[in-house]
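*Asks:* mind looking at a prediction? Sequence and model below.
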Amino acid sequence: MTSAAPHIQERILVVDDEPDIVALVAYHLAKTNYRVSTASNGTDALSIARQERPSLLVLDLMLPGMSGFDVLEHIRAEESTRHIAVLMLTARKEEQDRIRGLSLGADDYLTKPFSPQELVLRVGAILRRTSGSSETPADLLQIGAIRIDRAAHRVAVENDEVELTPTEYKLLITLAERRGRVQARGHLLETVWEAAPDIQTRTVDMHIQRLRTKLGEAGDLIETVRGFGYRMRGASAR
């Protein structure tokens, strides 16, 4: 089963210091009609990201000089780049590295060796959820102090804008649109992460924790249902 071709304007930045890996990833992404830029170190990656504003970074962890973690921190900290999706691609398989990458705001984490076809599918899945098209007709969604503008992809709490990663935004939308109903971790994996093979339920918990922190006191609207998953309380919603 082949996925539908992406919009040609979607640009992917591939960051890796191994030329063979860069060539392999770039070839398969270009074959799927993405526009591909490449960088072999973190400094160049940040420069290109600021100039080109790609839709997504395929980012290696072990880079010369500046690590992939450092690049990710800069990407998420800067206004001009914080909305760029990030897929970590690395030979480091330790759980602590996966946890650190996801905690810093990575949208997905794929380890080497990898299937190029799986990488392309994961890129497509990330971009589909970050495009955030909603089936609900109303563009504005208000739940307690949380206000979500679906048309503009903006979230505010008490009129103060909250900066979310694309995955955090999709997770919030999913909970908000189904407020009052328990969302099992497995269901959230299918809906938000599109059930990538090695994504674990702990990934959901970590993103929920980050989302609650960013929402401040309004994060209490996201309830933990022990043994099942999470629920957004249906407080004064419209």
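*Replies:* Good, I have the coordinates. Numbering: from 1, shown residues only.
*Asks:* residue contacts, the most centrally placed residue in the chain?
*Replies:* In the chain, the centroid-proximal residue (C-alpha atoms, centre = their mean) is Asp107; its distance is 2.9 Å. For Asp107, the contact set (C-beta atoms under 8 Å, 6 or more residues apart in numbering) comprises Ala85, Val86, Leu87, Ile126, Thr130, Thr165, Pro166, Thr167. (Glycine included, C-beta is placed from N, CA and C.)
*Asks:* can you check Pro166 too?
*Replies:* Contacts of Pro166 (C-beta under 8 Å, 6+ apart): His83, Ala85, Asp107, Ile126, Arg129, Thr130, Gly132.
*Asks:* circling back to that earlier point, ramachandran angles for the residue nearest to the centre of the chain?
*Replies:* Asp107 adopts backbone torsions of phi -90, psi -20, taken as degrees, to the nearest 10.
*Asks:* then Ile12?
*Replies:* According to degrees, to the nearest 10, Ile12 has phi -120, psi 130.
*Asks:* same check on Pro54?
*Replies:* phi -60, psi 160.
*Asks:* thought Leu13 was touching it, still the case?
*Replies:* Yes - with contact defined as C-beta atoms under 8 Å, Pro54 reaches Leu13; the gap is 4.3 Å.
*Asks:* domains in this structure, by residue range?
*Replies:* 11-131, 140-232 (automatic domain parsing).
*Asks:* which regions of the chain lie under the pLDDT threshold?
*Replies:* Applying pLDDT under 70 to the chain flags the ranges 1-9, 131-138, 195-199, 235-238.
*Asks:* quick check, nearest of the contacts of Asp107 to Leu102?
*Replies:* Thr167 (8.9 Å; C-beta to C-beta).
*Asks:* now the closest one. Nearest residue, chain neighbours left out?
*Replies:* Asp107 (4.5 Å; C-beta to C-beta, 6 or more residues apart in numbering).
*Asks:* now Leu141
*Replies:* Per C-beta to C-beta, 6+ apart, closest to Leu141 is Ile148, 4.3 Å.
*Asks:* what pairs with the one you found across the strands?
*Replies:* Leu141, Val155 (DSSP bridges).
*Asks:* so it sits against Leu171, correct?
*Replies:* No - taking contacts as C-beta under 8 Å, Ile148 lies outside contact range of Leu171: 11.9 Å.
*Asks:* who touches stretch 223-230?
*Replies:* With C-beta under 8 Å, 6+ apart, stretch 223-230 has contacts from 175, 182-188, 204, 208, 222, 231-233.
*Asks:* swap the cut-off to 7 Å and go again
*Replies:* Leu175, Val182, Gln183, Ala184, Arg185, Leu188, Ile208, Ile222, Arg231, Arg233 (C-beta atoms under 7 Å, 6 or more residues apart in numbering).
*Asks:* how about the residues you listed, which pair is most distant?
*Replies:* So, the contacts of stretch 223-230 by C-beta to C-beta: farthest apart are Arg185 and Arg233, at 18.1 Å.
*Asks:* quick check: beta-bridge partners of Leu110?
*Replies:* Beta-bridge partners of Leu110, as defined by DSSP bridges: Leu89.
*Asks:* so what's it up against?
*Replies:* Leu87, Met88, Leu89, Leu119, Arg122.
*Asks:* what's the helix or strand for the last one?
*Replies:* Under DSSP states H and E, the secondary-structure element containing Arg122 is helix 116-131.
*Asks:* what segments of the protein are strands?
*Replies:* 11-15, 35-39, 56-59, 85-90, 108-111, 140-143, 146-149, 154-157, 160-162, 183-184, 222-225, 229-232 (DSSP state E).
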